[in-house]
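**Student:** Provided below for reference: sequence and predicted model.
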Amino acid sequence: MADDSQTGRRYASSPCMAGGDPEQARDVARWRQAERLRLRAARQNLSVEARNAVATALQAHLLDLLARCFGDLRDRVFSGYWPIKGEPDLRPVLSDLHHAGVRVALPLVEVKQAPLVFRRWTPDTRMVRGDWNIPVPPPEAEVLTPDVALAPFVGWDRKGYRLGYGGGYFDRTLAALDSRPFVIGIGLQAAELGTIYPQPHDIRLDAILTECGVQVIHLRDHSASD
């Protein structure tokens, strides 16, 4: 793992090795796509009762983790997500944080193949349809930079790497931010993989949280805004 000492970004290997072995990269890409299909199918096949149980457990674990790591998040920026494709629904936590004085944001694709933008959200926000038809805050919503961000995953490993949907948006966003948020991966315990075979562009998350609790955590000093 290599660090950029000025930005605090963590890469799977030195950025100067980003070229890598093209054949190996293609093999990893094919394997990842097969795993995405398998894990997403398993997630979609969960019963409504199982999904509700997962969401309830994750909500409690997330609030506990935030309290332990940050204490009072009042006036700080927390980025959540709008659940799609069977992702755990943590929207009640977003409402709780908003009412506790936290500035809540949601990520969205404003420009294809560019870093995500984080627009402010409240329970009263009039949502519009964004990329992938996902509800997002409207263009006039305030743009924020998160102190803490959730990153829903399809798969995860014990080193803190996340298997996403394959668009690369989250890694691209983290690499572009001047101030790195504390990033918490969110998903199912059953989605654990031995490794995601991290590539040079993959950025390790700060924590992995499942319905069974905290699985991985790499603490940094986030007691005050960076």
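**Tutor:** Ah, there it is.
**Student:** so which strand or helix has the residue nearest to Glu142 when sequence neighbours are not counted?
**Tutor:** Spatially, and ignoring its direct neighbours in sequence, Glu142 is nearest to Arg120 (4.2 Å; Cβ to Cβ, 6 or more residues apart in numbering). Just so you know, the C-beta spots here come from the backbone N, C-alpha and C atoms, and that holds for glycine as well. Using DSSP states H and E, Arg120 maps to strand 117-121.
**Student:** what packs against that strand?
**Tutor:** strand 103-108 (3 or more Cβ pairs under 8 Å, 6 or more residues apart in numbering; DSSP states H and E).
**Student:** what kind of secondary structure is the residue nearest the centre of the chain in?
**Tutor:** Taking Cα atoms, centre = their mean, the centroid of the chain lies closest to Ala151, which sits 0.8 Å from it. Recorded secondary structure, Ala151: strand (DSSP: H, G, I helix; E, B strand; the rest coil).
**Student:** wait, it touches Gly187, no?
**Tutor:** No: counting by Cβ atoms under 8 Å, Ala151 sits too far from Gly187 to count as a contact (9.0 Å).
**Student:** what about Gln59, helix or strand, and which?
**Tutor:** helix 48-70.
**Student:** how about the CA coordinates for that helix, as PDB?
**Tutor:** These are the backbone C-alpha positions of helix 48-70, laid out as PDB (Å, rounded to 0.1, in the frame of the first residue of the first chain):
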ATOM      1  CA  VAL A  48     -38.300  -8.500   2.600                       C
ATOM      2  CA  GLU A  49     -38.000  -9.600   6.200                       C
ATOM      3  CA  ALA A  50     -34.300 -10.300   5.800                       C
ATOM      4  CA  ARG A  51     -33.700  -7.000   4.100                       C
ATOM      5  CA  ASN A  52     -35.500  -5.200   6.900                       C
ATOM      6  CA  ALA A  53     -33.500  -7.000   9.500                       C
ATOM      7  CA  VAL A  54     -30.300  -6.100   7.800                       C
ATOM      8  CA  ALA A  55     -31.200  -2.500   7.500                       C
ATOM      9  CA  THR A  56     -32.300  -2.300  11.200                       C
ATOM     10  CA  ALA A  57     -29.100  -3.800  12.400                       C
ATOM     11  CA  LEU A  58     -26.900  -1.600  10.100                       C
ATOM     12  CA  GLN A  59     -28.700   1.500  11.300                       C
ATOM     13  CA  ALA A  60     -27.900   0.700  14.900                       C
ATOM     14  CA  HIS A  61     -24.300  -0.200  14.200                       C
ATOM     15  CA  LEU A  62     -23.800   2.900  12.100                       C
ATOM     16  CA  LEU A  63     -25.000   5.300  14.800                       C
ATOM     17  CA  ASP A  64     -22.900   3.500  17.400                       C
ATOM     18  CA  LEU A  65     -19.800   3.800  15.100                       C
ATOM     19  CA  LEU A  66     -20.400   7.500  14.500                       C
ATOM     20  CA  ALA A  67     -20.800   8.200  18.200                       C
ATOM     21  CA  ARG A  68     -17.600   6.300  19.100                       C
ATOM     22  CA  CYS A  69     -15.400   7.800  16.300                       C
ATOM     23  CA  PHE A  70     -16.800  11.400  16.200                       C
END
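**Student:** return the set of buried residues in that helix.
**Tutor:** Residues 51, 54-55, 57-59, 61-63, 65-66, 69-70 are the ones in helix 48-70 that count as buried (16 or more other Cβ atoms under 10 Å).
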